[in-house]
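Chemist: Below is the structure, and that's it, no one-letter string:
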(Lines give C-alpha, C1' and ligand atoms only; values in the text may rest on other atoms or scores of the structure.)
Protein backbone atom coordinates (compact mmCIF):
# COMPACT_ATOMS: atom_id res chain seq x y z
CA UNK A 1 0.00 0.00 0.00
CA UNK A 2 1.31 3.31 -1.06
CA UNK A 3 1.46 5.81 1.69
CA UNK A 4 1.26 9.43 1.01
CA UNK A 5 4.68 10.72 0.55
CA UNK A 6 5.91 12.92 3.34
CA UNK A 7 5.88 16.51 2.29
CA UNK A 8 8.94 18.54 2.61
CA UNK A 9 7.38 22.01 2.94
CA UNK A 10 4.11 23.70 3.30
CA UNK A 11 3.84 24.96 -0.24
CA UNK A 12 3.37 21.49 -1.61
CA UNK A 13 0.74 20.43 0.86
CA UNK A 14 -2.53 19.38 -0.70
CA UNK A 15 -5.59 21.63 -0.47
CA UNK A 16 -6.56 22.10 3.07
CA UNK A 17 -7.28 24.94 5.38
CA UNK A 18 -4.27 26.89 4.17
CA UNK A 19 -5.28 26.77 0.54
CA UNK A 20 -8.86 27.55 1.41
CA UNK A 21 -7.70 30.57 3.28
CA UNK A 22 -5.70 31.63 0.28
CA UNK A 23 -8.63 31.21 -2.06
CA UNK A 24 -10.87 33.25 0.18
CA UNK A 25 -8.19 35.89 0.53
CA UNK A 26 -7.68 36.17 -3.22
CA UNK A 27 -11.38 36.23 -3.95
CA UNK A 28 -11.88 38.75 -1.22
CA UNK A 29 -9.18 40.98 -2.62
CA UNK A 30 -10.54 40.58 -6.09
CA UNK A 31 -13.86 41.85 -4.88
CA UNK A 32 -12.87 44.50 -2.41
CA UNK A 33 -9.92 46.05 -4.18
CA UNK A 34 -11.85 47.12 -7.27
CA UNK A 35 -14.72 48.28 -5.12
CA UNK A 36 -12.33 50.28 -3.03
CA UNK A 37 -10.78 51.78 -6.14
CA UNK A 38 -14.21 52.65 -7.49
CA UNK A 39 -15.26 54.10 -4.18
CA UNK A 40 -12.22 56.33 -4.08
CA UNK A 41 -12.69 57.29 -7.74
CA UNK A 42 -16.30 58.30 -7.21
CA UNK A 43 -15.53 60.09 -4.03
CA UNK A 44 -12.85 62.06 -5.79
CA UNK A 45 -15.19 62.79 -8.69
CA UNK A 46 -17.94 63.96 -6.39
CA UNK A 47 -15.57 66.25 -4.56
CA UNK A 48 -13.72 67.40 -7.68
CA UNK A 49 -14.98 70.94 -7.03
CA UNK A 50 -14.08 70.62 -3.33
CA UNK A 51 -10.48 69.96 -4.26
CA UNK A 52 -9.44 71.41 -0.92
CA UNK A 53 -11.93 70.18 1.62
CA UNK A 54 -9.89 71.95 4.21
CA UNK A 55 -8.47 75.43 4.01
CA UNK A 56 -5.57 76.74 6.06
CA UNK A 57 -6.09 79.30 8.78
CA UNK A 58 -3.48 81.50 7.13
CA UNK A 59 -5.28 81.44 3.80
CA UNK A 60 -8.59 82.36 5.45
CA UNK A 61 -7.03 85.23 7.39
CA UNK A 62 -5.37 86.59 4.28
CA UNK A 63 -8.62 86.34 2.36
CA UNK A 64 -10.55 88.13 5.10
CA UNK A 65 -8.06 91.00 5.05
CA UNK A 66 -8.64 91.21 1.30
CA UNK A 67 -12.42 91.28 1.77
CA UNK A 68 -12.04 94.01 4.38
CA UNK A 69 -10.24 96.28 1.92
CA UNK A 70 -13.61 96.90 0.26
CA UNK A 71 -16.10 95.76 2.88
CA UNK A 72 -14.49 97.80 5.64
CA UNK A 73 -12.64 96.98 8.88
CA UNK A 74 -14.45 94.12 10.63
CA UNK A 75 -16.76 93.95 7.63
CA UNK A 76 -18.69 97.01 8.76
CA UNK A 77 -19.28 98.14 5.15
CA UNK A 78 -17.78 101.00 3.16
CA UNK A 79 -19.20 103.96 1.27
CA UNK A 80 -16.94 104.11 -1.75
CA UNK A 81 -17.83 104.92 -5.32
CA UNK A 82 -20.33 102.10 -4.74
CA UNK A 83 -21.92 101.45 -1.34
CA UNK A 84 -20.22 98.22 -0.27
CA UNK A 85 -22.35 96.21 2.14
CA UNK A 86 -21.75 95.26 5.74
CA UNK A 87 -20.86 91.58 6.09
CA UNK A 88 -20.38 91.55 9.86
CA UNK A 89 -22.92 89.37 11.66
CA UNK A 90 -24.37 88.17 8.37
CA UNK A 91 -26.11 84.77 8.18
CA UNK A 92 -23.51 82.24 6.95
CA UNK A 93 -26.04 80.51 4.70
CA UNK A 94 -26.89 83.81 3.07
CA UNK A 95 -23.25 84.72 2.44
CA UNK A 96 -22.60 81.31 0.89
CA UNK A 97 -25.69 81.61 -1.31
CA UNK A 98 -24.67 85.04 -2.54
CA UNK A 99 -21.11 83.94 -3.31
CA UNK A 100 -22.50 81.04 -5.35
CA UNK A 101 -24.98 83.36 -7.04
CA UNK A 102 -22.21 85.76 -8.02
CA UNK A 103 -20.13 82.91 -9.40
CA UNK A 104 -23.04 81.49 -11.40
CA UNK A 105 -24.09 84.97 -12.47
CA UNK A 106 -27.56 84.53 -11.01
CA UNK A 107 -26.68 87.74 -9.23
CA UNK A 108 -25.03 90.09 -11.66
CA UNK A 109 -21.96 91.93 -10.33
CA UNK A 110 -18.71 91.83 -12.34
CA UNK A 111 -16.45 92.69 -9.41
CA UNK A 112 -17.98 90.10 -7.06
CA UNK A 113 -17.99 87.53 -9.85
CA UNK A 114 -14.21 87.73 -9.99
CA UNK A 115 -13.97 87.60 -6.20
CA UNK A 116 -16.28 84.60 -5.83
CA UNK A 117 -14.97 82.71 -8.81
CA UNK A 118 -11.66 81.78 -7.15
CA UNK A 119 -13.13 80.75 -3.79
CA UNK A 120 -13.35 77.05 -3.04
CA UNK A 121 -16.49 75.89 -1.18
CA UNK A 122 -14.34 75.27 1.90
CA UNK A 123 -13.05 78.83 1.77
CA UNK A 124 -16.59 80.17 1.32
CA UNK A 125 -17.73 78.27 4.40
CA UNK A 126 -14.81 79.58 6.45
CA UNK A 127 -15.36 83.18 5.35
CA UNK A 128 -19.10 83.02 5.99
CA UNK A 129 -18.51 81.65 9.47
CA UNK A 130 -15.84 84.22 10.33
CA UNK A 131 -17.81 87.21 9.11
CA UNK A 132 -20.84 86.01 11.03
CA UNK A 133 -18.87 86.34 14.26
CA UNK A 134 -17.84 89.98 13.73
CA UNK A 135 -19.88 92.67 15.44
CA UNK A 136 -18.75 96.25 14.80
CA UNK A 137 -21.09 99.21 15.40
CA UNK A 138 -23.84 99.72 12.81
CA UNK A 139 -22.87 101.86 9.84
CA UNK A 140 -25.46 104.52 10.58
CA UNK A 141 -25.83 107.51 8.27
CA UNK A 142 -29.53 107.11 7.45
CA UNK A 143 -31.75 110.19 7.58
CA UNK A 144 -32.65 110.47 11.25
CA UNK A 145 -36.10 111.98 10.67
CA UNK A 146 -37.14 108.94 8.63
CA UNK A 147 -36.25 106.33 11.25
CA UNK A 148 -39.65 106.22 12.96
CA UNK A 149 -41.48 105.74 9.66
CA UNK A 150 -38.98 103.08 8.67
CA UNK A 151 -39.51 101.20 11.91
CA UNK A 152 -43.25 101.16 11.32
CA UNK A 153 -42.86 99.72 7.83
CA UNK A 154 -40.33 97.17 9.06
CA UNK A 155 -42.61 95.93 11.82
CA UNK A 156 -46.05 96.30 10.22
CA UNK A 157 -45.54 96.22 6.48
CA UNK A 158 -47.79 98.19 4.14
CA UNK A 159 -51.23 96.66 3.96
CA UNK A 160 -52.63 98.38 0.91
CA UNK A 161 -49.77 97.38 -1.38
CA UNK A 162 -49.43 93.86 0.05
CA UNK A 163 -45.99 94.50 1.45
CA UNK A 164 -45.55 92.13 4.39
CA UNK A 165 -43.66 93.24 7.51
CA UNK A 166 -39.95 92.81 6.86
CA UNK A 167 -39.69 91.45 10.40
CA UNK A 168 -41.73 88.40 9.48
CA UNK A 169 -38.81 86.93 7.53
CA UNK A 170 -35.83 89.01 8.60
CA UNK A 171 -36.63 88.77 12.29
CA UNK A 172 -37.86 91.41 14.75
CA UNK A 173 -34.30 92.72 15.18
CA UNK A 174 -33.40 92.33 11.50
CA UNK A 175 -30.77 89.74 12.39
CA UNK A 176 -31.99 87.37 9.66
CA UNK A 177 -32.34 83.61 9.80
CA UNK A 178 -30.75 80.93 7.61
CA UNK A 179 -31.05 82.10 4.05
CA UNK A 180 -32.80 85.32 5.03
CA UNK A 181 -30.15 87.98 5.42
CA UNK A 182 -29.37 90.10 8.43
CA UNK A 183 -30.23 93.72 7.66
CA UNK A 184 -29.33 95.34 10.98
CA UNK A 185 -26.61 97.98 10.63
CA UNK A 186 -26.59 97.82 6.84
CA UNK A 187 -25.48 100.79 4.74
CA UNK A 188 -28.51 102.93 3.93
CA UNK A 189 -27.31 103.62 0.38
CA UNK A 190 -26.82 99.91 -0.18
CA UNK A 191 -30.32 99.05 1.01
CA UNK A 192 -31.73 101.83 -1.17
CA UNK A 193 -29.80 100.72 -4.24
CA UNK A 194 -30.68 97.05 -3.86
CA UNK A 195 -34.39 97.57 -3.23
CA UNK A 196 -34.77 100.00 -6.12
CA UNK A 197 -32.80 97.79 -8.52
CA UNK A 198 -33.94 94.36 -7.35
CA UNK A 199 -35.10 93.05 -10.67
CA UNK A 200 -32.02 94.28 -12.55
CA UNK A 201 -29.63 92.44 -10.35
CA UNK A 202 -31.37 89.43 -8.85
CA UNK A 203 -33.61 86.54 -9.56
CA UNK A 204 -34.63 87.55 -13.04
CA UNK A 205 -33.40 84.85 -15.41
CA UNK A 206 -36.02 82.07 -15.74
CA UNK A 207 -33.23 79.80 -16.94
CA UNK A 208 -31.35 80.42 -13.70
CA UNK A 209 -33.98 80.77 -10.97
CA UNK A 210 -32.79 82.29 -7.75
CA UNK A 211 -34.51 82.21 -4.36
CA UNK A 212 -34.08 85.95 -4.00
CA UNK A 213 -36.92 86.29 -6.52
CA UNK A 214 -39.10 86.21 -3.41
CA UNK A 215 -38.15 89.85 -2.76
CA UNK A 216 -39.17 91.03 -6.20
CA UNK A 217 -42.85 91.83 -5.52
CA UNK A 218 -41.90 93.45 -2.21
CA UNK A 219 -39.23 95.64 -3.74
CA UNK A 220 -41.71 96.50 -6.47
CA UNK A 221 -44.44 97.39 -3.96
CA UNK A 222 -42.31 99.84 -1.96
CA UNK A 223 -42.08 103.47 -3.03
CA UNK A 224 -38.73 105.22 -2.92
CA UNK A 225 -39.58 107.32 0.18
CA UNK A 226 -40.64 104.12 1.95
CA UNK A 227 -37.39 102.42 0.96
CA UNK A 228 -35.38 105.41 2.25
CA UNK A 229 -37.26 105.22 5.54
CA UNK A 230 -36.63 101.51 6.01
CA UNK A 231 -32.99 101.97 5.02
CA UNK A 232 -32.60 104.76 7.57
CA UNK A 233 -34.13 102.65 10.32
CA UNK A 234 -31.94 99.63 9.53
CA UNK A 235 -28.72 101.64 9.37
CA UNK A 236 -28.80 102.32 13.12
CA UNK A 237 -29.89 98.87 14.29
CA UNK A 238 -27.30 97.12 16.39
CA UNK B 1 12.80 141.06 26.78
CA UNK B 2 12.48 137.55 25.43
CA UNK B 3 8.87 137.47 26.51
CA UNK B 4 8.20 140.61 24.55
CA UNK B 5 9.93 139.09 21.54
CA UNK B 6 7.79 136.02 21.85
CA UNK B 7 4.67 138.14 22.17
CA UNK B 8 5.58 140.10 19.07
CA UNK B 9 6.15 136.93 17.09
CA UNK B 10 2.83 135.55 18.26
CA UNK B 11 1.05 138.70 17.17
CA UNK B 12 2.79 138.72 13.80
CA UNK B 13 1.98 135.09 13.10
CA UNK B 14 -1.60 135.30 14.24
CA UNK B 15 -2.02 138.45 12.20
CA UNK B 16 -0.77 136.54 9.16
CA UNK B 17 -3.22 133.71 9.63
CA UNK B 18 -6.03 136.14 10.32
CA UNK B 19 -5.13 137.88 7.11
CA UNK B 20 -5.35 134.59 5.26
CA UNK B 21 -8.67 133.69 6.87
CA UNK B 22 -10.21 137.07 6.19
CA UNK B 23 -8.93 137.12 2.64
CA UNK B 24 -10.53 134.03 1.15
CA UNK B 25 -11.41 136.80 -1.26
CA UNK B 26 -11.18 135.80 -4.85
CA UNK B 27 -7.93 137.63 -5.48
CA UNK B 28 -6.16 135.81 -2.65
CA UNK B 29 -7.42 132.48 -3.95
CA UNK B 30 -6.37 133.33 -7.50
CA UNK B 31 -2.95 134.32 -6.27
CA UNK B 32 -2.58 131.11 -4.30
CA UNK B 33 -3.81 129.11 -7.25
CA UNK B 34 -1.10 130.60 -9.45
CA UNK B 35 1.41 129.54 -6.85
CA UNK B 36 0.10 125.94 -6.92
CA UNK B 37 0.15 125.99 -10.70
CA UNK B 38 3.87 126.77 -10.66
CA UNK B 39 4.52 123.17 -9.68
CA UNK B 40 1.29 121.34 -10.48
CA UNK B 41 0.89 122.70 -13.98
CA UNK B 42 -1.07 125.51 -15.56
CA UNK B 43 -4.38 123.60 -15.41
CA UNK B 44 -3.35 121.33 -12.56
CA UNK B 45 -2.47 118.59 -15.06
CA UNK B 46 0.70 117.68 -13.12
CA UNK B 47 4.34 118.07 -14.02
CA UNK B 48 7.32 115.80 -14.52
CA UNK B 49 9.94 117.70 -12.60
CA UNK B 50 12.77 116.20 -10.60
CA UNK B 51 9.87 114.73 -8.66
CA UNK B 52 6.72 113.70 -10.46
CA UNK B 53 4.24 116.33 -9.29
CA UNK B 54 0.71 114.99 -9.31
CA UNK B 55 -2.28 116.09 -11.32
CA UNK B 56 -4.78 117.99 -9.18
CA UNK B 57 -7.29 118.72 -11.93
CA UNK B 58 -10.63 117.02 -11.32
CA UNK B 59 -9.57 115.80 -7.90
CA UNK B 60 -12.18 115.00 -5.26
CA UNK B 61 -12.57 117.96 -2.90
CA UNK B 62 -12.65 115.87 0.26
CA UNK B 63 -9.51 114.02 -0.84
CA UNK B 64 -7.55 117.22 -1.50
CA UNK B 65 -8.62 118.66 1.83
CA UNK B 66 -7.60 115.47 3.63
CA UNK B 67 -4.19 115.43 1.97
CA UNK B 68 -3.47 119.05 2.79
CA UNK B 69 -4.35 118.36 6.42
CA UNK B 70 -2.25 115.20 6.37
CA UNK B 71 0.75 117.18 5.12
CA UNK B 72 0.36 119.74 7.90
CA UNK B 73 0.01 117.09 10.60
CA UNK B 74 2.80 115.09 9.03
CA UNK B 75 0.63 112.02 8.72
CA UNK B 76 1.87 112.20 5.18
CA UNK B 77 5.54 113.20 5.33
CA UNK B 78 6.57 115.56 2.54
CA UNK B 79 8.71 118.55 3.50
CA UNK B 80 7.73 120.69 0.52
CA UNK B 81 4.01 120.09 0.86
CA UNK B 82 4.17 120.54 4.64
CA UNK B 83 5.37 124.07 4.08
CA UNK B 84 2.75 124.71 1.42
CA UNK B 85 -0.12 123.36 3.48
CA UNK B 86 0.99 124.88 6.75
CA UNK B 87 -0.01 128.43 5.83
CA UNK B 88 -3.37 127.62 4.29
CA UNK B 89 -6.49 128.49 6.25
CA UNK B 90 -9.41 126.04 6.13
CA UNK B 91 -11.33 128.50 3.92
CA UNK B 92 -8.43 128.72 1.51
CA UNK B 93 -8.11 124.93 1.39
CA UNK B 94 -11.79 124.59 0.51
CA UNK B 95 -11.57 127.30 -2.14
CA UNK B 96 -8.49 125.81 -3.79
CA UNK B 97 -9.97 122.32 -3.78
CA UNK B 98 -13.11 123.62 -5.48
CA UNK B 99 -11.05 125.39 -8.17
CA UNK B 100 -8.97 122.33 -8.97
CA UNK B 101 -12.08 120.17 -9.10
CA UNK B 102 -13.29 122.16 -12.07
CA UNK B 103 -10.16 121.89 -14.18
CA UNK B 104 -10.25 119.24 -16.86
CA UNK B 105 -7.16 119.28 -19.06
CA UNK B 106 -6.11 116.29 -21.18
CA UNK B 107 -4.08 113.70 -19.29
CA UNK B 108 -0.33 114.19 -19.49
CA UNK B 109 -0.03 110.58 -20.67
CA UNK B 110 3.41 109.24 -21.48
CA UNK B 111 3.03 105.80 -19.94
CA UNK B 112 3.94 102.71 -22.01
CA UNK B 113 0.99 102.01 -24.28
CA UNK B 114 1.59 98.26 -24.46
CA UNK B 115 0.80 97.91 -20.75
CA UNK B 116 -2.58 99.66 -20.91
CA UNK B 117 -4.71 96.58 -21.61
CA UNK B 118 -3.18 94.63 -18.75
CA UNK B 119 -3.58 97.65 -16.48
CA UNK B 120 -7.24 97.97 -17.39
CA UNK B 121 -7.88 94.33 -16.45
CA UNK B 122 -6.21 94.78 -13.08
CA UNK B 123 -8.06 98.04 -12.46
CA UNK B 124 -11.50 96.65 -13.30
CA UNK B 125 -11.18 93.06 -12.08
CA UNK B 126 -8.47 93.12 -9.43
CA UNK B 127 -6.27 90.07 -8.98
CA UNK B 128 -8.48 87.84 -6.81
CA UNK B 129 -5.99 84.97 -6.60
CA UNK B 130 -3.46 87.37 -5.11
CA UNK B 131 -6.03 89.01 -2.84
CA UNK B 132 -5.77 92.32 -4.70
CA UNK B 133 -9.14 94.09 -4.72
CA UNK B 134 -10.44 95.64 -7.93
CA UNK B 135 -9.48 99.32 -7.93
CA UNK B 136 -12.80 100.08 -9.57
CA UNK B 137 -14.70 98.81 -6.52
CA UNK B 138 -13.71 101.91 -4.55
CA UNK B 139 -12.32 104.34 -7.14
CA UNK B 140 -15.20 103.77 -9.55
CA UNK B 141 -15.16 102.16 -13.00
CA UNK B 142 -13.86 105.37 -14.61
CA UNK B 143 -11.39 106.11 -11.80
CA UNK B 144 -13.30 109.26 -10.87
CA UNK B 145 -13.08 108.60 -7.15
CA UNK B 146 -15.67 109.45 -4.53
CA UNK B 147 -15.44 111.92 -1.64
CA UNK B 148 -12.33 110.81 0.27
CA UNK B 149 -11.33 108.33 -2.43
CA UNK B 150 -9.14 110.03 -5.00
CA UNK B 151 -9.79 110.59 -8.68
CA UNK B 152 -7.05 108.63 -10.49
CA UNK B 153 -7.92 109.19 -14.16
CA UNK B 154 -5.15 111.06 -15.94
CA UNK B 155 -2.75 110.86 -13.00
CA UNK B 156 0.96 110.91 -13.80
CA UNK B 157 2.52 107.54 -14.64
CA UNK B 158 5.70 108.03 -12.57
CA UNK B 159 3.69 109.52 -9.68
CA UNK B 160 1.39 106.51 -9.46
CA UNK B 161 4.34 104.14 -9.55
CA UNK B 162 6.15 106.07 -6.84
CA UNK B 163 3.10 106.20 -4.56
CA UNK B 164 2.16 102.56 -4.92
CA UNK B 165 5.71 101.36 -4.51
CA UNK B 166 6.41 103.50 -1.47
CA UNK B 167 3.01 103.43 0.16
CA UNK B 168 4.23 102.00 3.43
CA UNK B 169 6.99 104.58 3.70
CA UNK B 170 4.87 107.60 3.02
CA UNK B 171 1.33 107.05 4.20
CA UNK B 172 -0.69 105.78 7.08
CA UNK B 173 2.13 104.03 8.81
CA UNK B 174 2.48 105.75 12.15
CA UNK B 175 0.16 104.11 14.69
CA UNK B 176 0.27 107.31 16.73
CA UNK B 177 -1.08 109.26 13.73
CA UNK B 178 -3.53 106.88 12.00
CA UNK B 179 -4.53 107.93 8.50
CA UNK B 180 -7.42 106.76 6.34
CA UNK B 181 -4.99 105.95 3.56
CA UNK B 182 -3.84 102.89 5.53
CA UNK B 183 -6.56 101.09 3.57
CA UNK B 184 -4.27 101.07 0.53
CA UNK B 185 -1.36 99.45 2.34
CA UNK B 186 -2.27 95.77 1.77
CA UNK B 187 -3.08 96.44 -1.88
CA UNK B 188 0.12 98.34 -2.56
CA UNK B 189 1.98 95.55 -0.80
CA UNK B 190 0.38 92.76 -2.84
CA UNK B 191 0.78 94.34 -6.27
CA UNK B 192 3.89 93.22 -8.15
CA UNK B 193 6.11 95.76 -9.86
CA UNK B 194 4.79 94.82 -13.29
CA UNK B 195 1.20 95.08 -12.08
CA UNK B 196 1.89 98.55 -10.67
CA UNK B 197 3.46 99.60 -13.98
CA UNK B 198 0.46 98.33 -15.91
CA UNK B 199 -2.15 100.04 -13.73
CA UNK B 200 -0.16 103.27 -13.81
CA UNK B 201 0.06 103.09 -17.61
CA UNK B 202 -3.71 102.54 -17.88
CA UNK B 203 -4.61 105.39 -15.55
CA UNK B 204 -2.17 107.88 -17.02
CA UNK B 205 -4.04 107.80 -20.32
CA UNK B 206 -7.55 107.86 -18.87
CA UNK B 207 -9.57 111.01 -19.49
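Modeler: Thanks, I have it. The structure displayed is predicted, hence computed values, not measured ones. Numbers count the residues shown, from 1 in each chain, chains lettered A, B, ... in the order given.

Chemist: What sits closest to residue 199 if chain neighbours are left out?
Modeler: With no chain named, the answer covers chain A. The spatially closest residue to residue A:199, leaving aside those adjacent along the chain, is residue A:216, at 5.9 Å (C-beta to C-beta, 6 or more residues apart in numbering or on different chains). Using the backbone N, CA and C atoms, a C-beta is placed for each residue, glycine as well.

Chemist: that's the wrong chain, I wanted chain B
Modeler: In this structure, residue B:199 finds its nearest non-sequential neighbour in residue B:119, 4.6 Å apart by C-beta to C-beta, 6+ apart.

Chemist: Surely the one you found and residue B:202 touch.
Modeler: Yes - assessed by C-beta atoms under 8 Å, residue B:119 is found in contact with residue B:202 at 2.9 Å.

Chemist: Show me the shaky parts of chain A.
Modeler: Along chain A, segments meeting pLDDT under 70 span A:1-52, A:203-204.

Chemist: One more pass at 80, please.
Modeler: Residue ranges of chain A with pLDDT under 80: A:1-53, A:203-210.

Chemist: Spatially central residue for chain A, please.
Modeler: residue A:96 (1.1 Å; C-alpha atoms, centre = their mean).

Chemist: which residues does that residue contact?
Modeler: A:124, A:125, A:128 (C-beta atoms under 8 Å, 6 or more residues apart in numbering or on different chains).

Chemist: would you turn those residues into a markdown table with neighbour count, distance to chain B and secondary structure?
Modeler: Shown next, in a markdown table, are the contacts of residue A:96 (neighbours: other C-beta atoms under 10 Å in any protein chain shown; distance: C-beta to the nearest C-beta, whole Å; DSSP: H, G, I helix; E, B strand; the rest coil):
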| residue | neighbour count | distance to chain B | secondary structure |
| --- | --- | --- | --- |
| A:124 | 21 | 13 | helix |
| A:125 | 17 | 18 | helix |
| A:128 | 20 | 17 | helix |
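
Chemist: what's the weakest-modelled helix or strand in chain B?
Modeler: Every helix and strand of chain B was ranked by mean pLDDT, DSSP states H and E. The lowest is helix B:2-22, at a mean of 54.

Chemist: mind listing what's buried in whichever helix or strand comes after that helix?
Modeler: Counting by DSSP states H and E, the next helix or strand C-terminal to helix B:2-22 is helix B:26-40. Within helix B:26-40, the residues scored as buried using 16 or more other C-beta atoms under 10 Å in any protein chain shown are B:28, B:29, B:32, B:33, B:37, B:39, B:40.

Chemist: What of stretch B:130-143?
Modeler: B:131, B:132, B:133, B:134, B:135, B:136, B:137, B:138, B:139, B:140, B:143.

Chemist: Point out where chain B drops to low pLDDT.
Modeler: Applying pLDDT under 80 to chain B flags the ranges B:1-24, B:172-180.

Chemist: Please parse it into its domains.
Modeler: Here the domain parsing of chain B from automatic domain parsing is B:10-102, B:113-204.

Chemist: what's the residue nearest to residue B:199 sitting at in phi/psi?
Modeler: For residue B:119, the backbone dihedrals (degrees, to the nearest 10) come out as phi -60, psi -40.

Chemist: Now residue 205. Nearest residue, chain neighbours left out?
Modeler: Since no chain was named, I'll use chain A. Nearest residue to residue A:205, sequence neighbours excluded (C-beta to C-beta, 6+ apart): residue A:106, at 6.9 Å.

Chemist: actually it's chain B I care about, not the one you picked
Modeler: Distances taken as C-beta to C-beta, 6+ apart put residue B:109 closest to residue B:205, at 5.4 Å, once the chain neighbours are dropped.

Chemist: quick one on the thing from earlier: tell me the buried residues in the helix or strand harbouring the residue nearest to residue A:199?
Modeler: Under the criterion of DSSP H and E, residue A:216 resides in helix A:216-221. Neighbour-count burial for helix A:216-221, counted by 16+ other C-beta under 10 Å, picks out A:218, A:219.

Chemist: what about residue A:231, how many neighbours?
Modeler: When neighbours are defined as other C-beta atoms under 10 Å in any protein chain shown, residue A:231 has 26 of them.

Chemist: Repeat that for the one 3 residues further on.
Modeler: Counted with other C-beta under 10 Å, residues neighbouring residue A:234 total 28.

Chemist: got it, and residue B:175?
Modeler: 7.

Chemist: ok, and for stretch A:107-121, which residues are buried?
Modeler: Using 16+ other C-beta under 10 Å as the test for burial, stretch A:107-121 gives A:107, A:109, A:111, A:112, A:113, A:114, A:115, A:116, A:119, A:120, A:121.

Chemist: ugh, typo on my part, it should be stretch A:126-145
Modeler: A:126, A:127, A:128, A:130, A:131, A:132, A:134, A:138, A:139, A:141, A:142.

Chemist: now the first one: how far from chain B?
Modeler: Pointing back at residue A:126 there. According to C-beta to the nearest C-beta, to the nearest Å, residue A:126 stands 14 Å off from chain B.

Chemist: and what of the fourth one?
Modeler: Using C-beta to the nearest C-beta, residue A:130 is found at 15 Å from chain B.

Chemist: so what's the backbone phi/psi at that residue?
Modeler: Reported as degrees, to the nearest 10, the phi and psi values for residue A:130 are phi -70, psi -40.
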